[in-house]
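Enquirer: sequence and predicted model, in that order:
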Amino acid sequence: MVLKSSQLLYRLGILFLEEKVLNRFENKRGLDRIKLKQGTVHFCSQRGWFNYFCLEFESDIGVLVDINEEYFRVDTQMPLKNDKVIFKAETLANTKLRQAHFKSFYGYGTVYKMYENPGNSLKFTYILRYEPISELNRYFVDQYFLKKSLMRYVI
């Protein structure tokens, strides 16, 4: 808690210094992006899409770069076949006693933007607007991907 508070104060101080004193930076984002170190996205195949749930995933795995409350950025080697997808996102999260576990959530995604990266090994970058499948999956997003507090669910 103290570490998180000190990081937030440090970040706000740097933003204030760059924006007000040096006139270099203007933060226009309403939502903070969280960069993930080991995030992956598994997309549902067309055959595995059954009754709004996925039974079979494609072999191409995307790299989850960053995420906020509405959108996430994923890099892939192959283009997505549809603008609407079902996916499973995973990340490595530190839990109690600093043990590392893979945590995941399932959700629906809609392609918001697509970029091509010709010189990169991951040739396509997608910005997806996502919606978790259930409230439990929303909790997983908030707790393990966005690193938010549990107090939102207590009240």
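Expert: Happy to help now that I have it. Numbers count the residues shown, from 1 in each chain.

Enquirer: next up, phi/psi of the residue most central in space within the chain, please.
Expert: With distances taken as C-alpha atoms, centre = their mean, Ile67 lies nearest the centre of the chain, 2.9 Å away. Phi and psi for Ile67, reported as degrees, to the nearest 10, are phi -150, psi 150.

Enquirer: and the strand ranked longest in the chain, which strands flank it?
Expert: For the chain, the strand with the greatest residue count under DSSP state E is strand 100-116. Applying DSSP bridges, strand 100-116 is found paired with strand 84-94 (antiparallel), strand 124-132 (antiparallel).

Enquirer: show me where this structure has helices.
Expert: Remark: helices assigned in the chain by DSSP state H are 2-16, 135-140, 151-154.

Enquirer: most packed of these?
Expert: Most buried of the helices of the chain by mean neighbour count (mean count of other C-beta atoms under 10 Å) is helix 135-140; its value is a mean of 15. Heads up, the C-betas are built off the backbone N, CA and C, glycines and all.

Enquirer: what lies in contact with it?
Expert: Outside helix 135-140, the residues that touch it by C-beta atoms under 8 Å, 6 or more residues apart in numbering are Lys103, Ser104, Phe105, Tyr106, Gly107, Pro132, Tyr153.

Enquirer: now, of those, which are buried?
Expert: The neighbour-count criterion (16 or more other C-beta atoms under 10 Å) marks Lys103, Ser104, Phe105, Tyr106, Gly107, Pro132 among the contacts of helix 135-140 as buried.

Enquirer: and the last one, how far is that from Gly39?
Expert: Distance check for Pro132 against Gly39: by C-beta to C-beta, to the nearest Å, it reads 15 Å.

Enquirer: shaky segments in the chain?
Expert: 1, 19-32, 47-53, 149-155 (pLDDT under 70).
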